[in-house]
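Student: I'd like to go over a predicted model; first the sequence, then the structure.
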There are 2 protein chains.
Amino acid sequence: MQSPYHHPPYHRLTEFVPLSAEEMSVASRWLTDRRRLWRGKAIRHEGEAVNGVFFLLEGWVGSSLLLRDGRRQIAKVHLPGDMLGFPSLALSHAGETLEALTDVTVCSLPNAAIGRIFEELPRLALGLFLSTQRERVALMQKLSWVGATSAIERLSAFLLDLHHRLEAAGLTESGSFDLPITQQQLGELLGLSTVHINRTFKSLDETGFIARCRGRLKIDDFEGLRRLAATSPPEFAGTAAWTRLRGSETFRKGTQ
Amino acid sequence: MQSPYHHPPYHRLTEFVPLSAEEMSVASRWLTDRRRLWRGKAIRHEGEAVNGVFFLLEGWVGSSLLLRDGRRQIAKVHLPGDMLGFPSLALSHAGETLEALTDVTVCSLPNAAIGRIFEELPRLALGLFLSTQRERVALMQKLSWVGATSAIERLSAFLLDLHHRLEAAGLTESGSFDLPITQQQLGELLGLSTVHINRTFKSLDETGFIARCRGRLKIDDFEGLRRLAATSPPEFAGTAAWTRLRGSETFRKGTQ
DNA sequence: CGGGCTATTGAAGTTGATCAATAACGGTGG
DNA sequence: CCACCGTTATTGATCAACTTCAATAGCCCG
């Protein structure tokens, strides 16, 4: 897990496609334009012109949508290694605010580079494509939590998912991890009020499923949480996706 | 709107990229393998192996996720011209059930063809990519409805969105359109109970915002509905996205 | 004319929101 | 090191939206 091959920006790509040296070298160029931002700052506001996408190197970022009356929905918490801002590529003005939930380091990739990747590095393009499809799956799952489950089920599912993703990034220690977001933000993430998040947390705490201390959370009973959580994480295709996509199908350029 | 250029499967691609004759001819090949399905039948069940994606030619399709206890969330209603099943490309087993909400005609495109498109028809690939990013935006918006708005706001937003999309497909008549889905399905779509959907409908009806008759719905007061719906539809980039993506950025193959 | 599904309505029950107050925490400057 | 401040967490009490249960009515179809 600690080879550079598994760090951003390769991270999200090599899960689906093997990269050549050339491709990796292009990808590593993406890291040159870095930016540091403090907690609470926006990488990009909803409604601003779309100039590029971002890679998150350190810290947590929330992507959120604003409603007219000020309510807010956080669509996703992005963790180190994630790619940010792709949905807005289809829009003239960004459809989501990208806000630093902790101090963060991001690097950005201009729109034009995406176009070039599609033209010249198809495998990289496919990696990006599949990676964003996977995000779409995650988003559908979250919708199903918010639309069809109770507060305790939602929170359980979220904590399990979060742990799972943090673990993949090497940011957990035997079931415990930093949770540097406020209960307010957790509420906006799960579609619940601050107060109810607090009570739900308390209930998980008292049942012994989790333990909280400072900004740190430890999952004590994974099985218990999983029983609550109503969905299991989907099984990603891994590089099998790539294999599947390059099956034996006949398809010849120019004659189709 | 009635030129073949605006029919599936071009429909969802030409919104973002101009297609060459060659590209259109490849795309038109996708139509060869058609399938008709009756209302209620599944095009593909959640958990099945992922063999391809689909284009919806006629009818409505719902993509839904199942929770352990039998509750169901419909992530999206797909209309004629839409592309189905892309999220599951990242999975080894489908993450969503694709169910015919009416009698439908679909055609399918095997996984392998997607891989070839990325290798050989980059502009087509980019069109697919952007189109799925736009779906992701729509999904985020829906999440914000379900997570942060009341029943009447949700239903209003949904009806407006639906009308908007049906209009683009030429399936409306001065504000009225067929609504061939049950209130049960509408509930699963918006995260509300059947009973509450019914009451919310009734309230919109009595206020004079809409009128219902058989399976048909007419929007009588767009402004009123828009005031209720807490979000406005995002502005898509259109082919500007493509232009933006091919900007003046320096990026030379092989030297990066 | 039935039979099955869908829509509608009423009544009662729950979950979660809102309002409001207090406590704990984290960082600051003295 | 301590007093202070703003932010966040916690708790109680009340309220509202939505769900559930249950029954009836309407529609579509053979």
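Tutor: Now that the structure is in, tell me what you want to look at.

Student: Next one: A:F129 relative to DNA strand C, how far apart?
Tutor: A:F129 is 35 Å from DNA strand C, where distance means CB to the nearest atom of the strand, to the nearest Å. Where C-beta positions appear, they are placed from N, C-alpha and C, glycine not excepted.

Student: mind listing what that residue touches?
Tutor: Contacts here follow CB atoms under 8 Å, 6 or more residues apart in numbering or on different chains; on that basis A:F129 touches B:118, B:125, B:128-129, B:132.

Student: Return a ChimeraX selection command for the buried portion of the residues you listed.
Tutor: Only the buried members of the contacts of A:F129 end up in this ChimeraX selection, burial being decided by 16 or more other CB atoms under 10 Å in any protein chain shown:
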select /B:118,125,128,129,132
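
Student: Report whether stretch A:237-244 contacts chain B.
Tutor: Yes. On the criterion CB under 8 Å from any CB of the partner chain, stretch A:237-244 is in touch with chain B at A:237-238, A:240-242, A:244.

Student: Could you list the buried residues of that stretch?
Tutor: Buried, per 16+ other CB under 10 Å, within stretch A:237-244: A:237, A:241-242, A:244.

Student: and the residue nearest in space to the middle of chain A, backbone torsions?
Tutor: Geometric centre of chain A, nearest residue: A:H78, 3.9 Å, by CA atoms, centre = their mean. Backbone torsions for A:H78, taken as degrees, to the nearest 10, come to phi -90, psi 140.

Student: Wait, it touches A:E58, no?
Tutor: No. Under the contact definition of CB atoms under 8 Å, A:H78 does not touch A:E58, with a separation of 11.4 Å.

Student: What segments of chain A are helices?
Tutor: Counting by DSSP state H, the segments of chain A that form helices are A:11-14, A:21-29, A:111-120, A:122-148, A:151-168, A:183-190, A:194-206, A:222-228, A:240-245.

Student: which other residues reach the third one?
Tutor: So that's helix A:111-120. When contacts are defined by CB under 8 Å, 6+ apart, helix A:111-120 is touched by residues A:26, A:30, A:50-53, A:89, A:124-125, A:128, B:118, B:122-123, B:125-126, B:129, B:242, B:244-249, B:251, B:253.

Student: which among the residues you listed end up buried?
Tutor: Applying 16+ other CB under 10 Å to these flags A:26, A:30, A:50-53, A:89, A:124-125, A:128, B:118, B:122-123, B:125-126, B:129, B:242, B:244-246, B:251 as buried.

Student: Would you mind naming what in chain A lies close to DNA strand C?
Tutor: Taking CB under 7 Å from any atom of the strand as the measure of proximity, chain A contacts DNA strand C at A:150-152, A:191-196, A:214-215.

Student: repeat that for 10 Å
Tutor: A:39, A:69, A:71, A:149-155, A:187, A:190-200, A:203, A:213-216 (CB under 10 Å from any atom of the strand).

Student: in the stretch 1-150 of chain A, which segments are predicted with low confidence?
Tutor: Within the stretch 1-150 of chain A, the set of residues satisfying pLDDT under 70 comprises A:1-9.

Student: In it, what residue comes closest to DNA strand D?
Tutor: Relative to DNA strand D, the nearest point of the stretch 1-150 of chain A is A:G40 (7.9 Å; CB to the nearest atom of the strand).

Student: Quick check: that residue touching A:E99?
Tutor: Yes. With contacts counted by CB under 8 Å, A:G40 reaches A:E99, the gap being 7.2 Å.

Student: can you give me the offset of stretch A:184-194 from its chain's centre?
Tutor: Taking CA atoms, centre = their mean, to the nearest Å, the mean C-alpha location of stretch A:184-194 is offset from the chain mean by 17 Å.

Student: That stretch and DNA strand D in contact?
Tutor: Yes. Under the criterion of CB under 10 Å from any atom of the strand, DNA strand D is reached by stretch A:184-194 at A:184-187, A:193-194.

Student: Widest-spaced pair of the residues you listed?
Tutor: Distance extremes for the residues of stretch A:184-194 next to DNA strand D: the farthest pair is A:Q185 and A:S193 at 12.4 Å, using CB to CB.

Student: Same drill for these two, tell me which one is more crowded.
Tutor: A:Q185 (20 against 13; other CB atoms under 10 Å in any protein chain shown).

Student: per-residue pLDDT, that one?
Tutor: pLDDT, the model's per-residue confidence, is 97 for A:Q185.

Student: Check A:F251 too.
Tutor: Looking at A:F251, its pLDDT stands at 40.

Student: near DNA strand D, which residues of chain A?
Tutor: Contacts of chain A with DNA strand D, taken as CB under 10 Å from any atom of the strand, map to A:39-40, A:147-148, A:150, A:179-187, A:193-203, A:205-206, A:212-215.

Student: which of the residues you listed are buried?
Tutor: Buried subset of those (neighbour count, 16+ other CB under 10 Å): A:147-148, A:179, A:181, A:183, A:185-187, A:197, A:200-201.

Student: can you list those in a markdown table and add distance to B:S108?
Tutor: As requested, those are arranged in a markdown table below (distance: CB to CB, whole Å):
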| residue | distance to B:S108 |
| --- | --- |
| A:G147 | 28 |
| A:A148 | 29 |
| A:L179 | 43 |
| A:I181 | 42 |
| A:Q183 | 46 |
| A:Q185 | 41 |
| A:L186 | 41 |
| A:G187 | 42 |
| A:I197 | 43 |
| A:T200 | 43 |
| A:F201 | 46 |
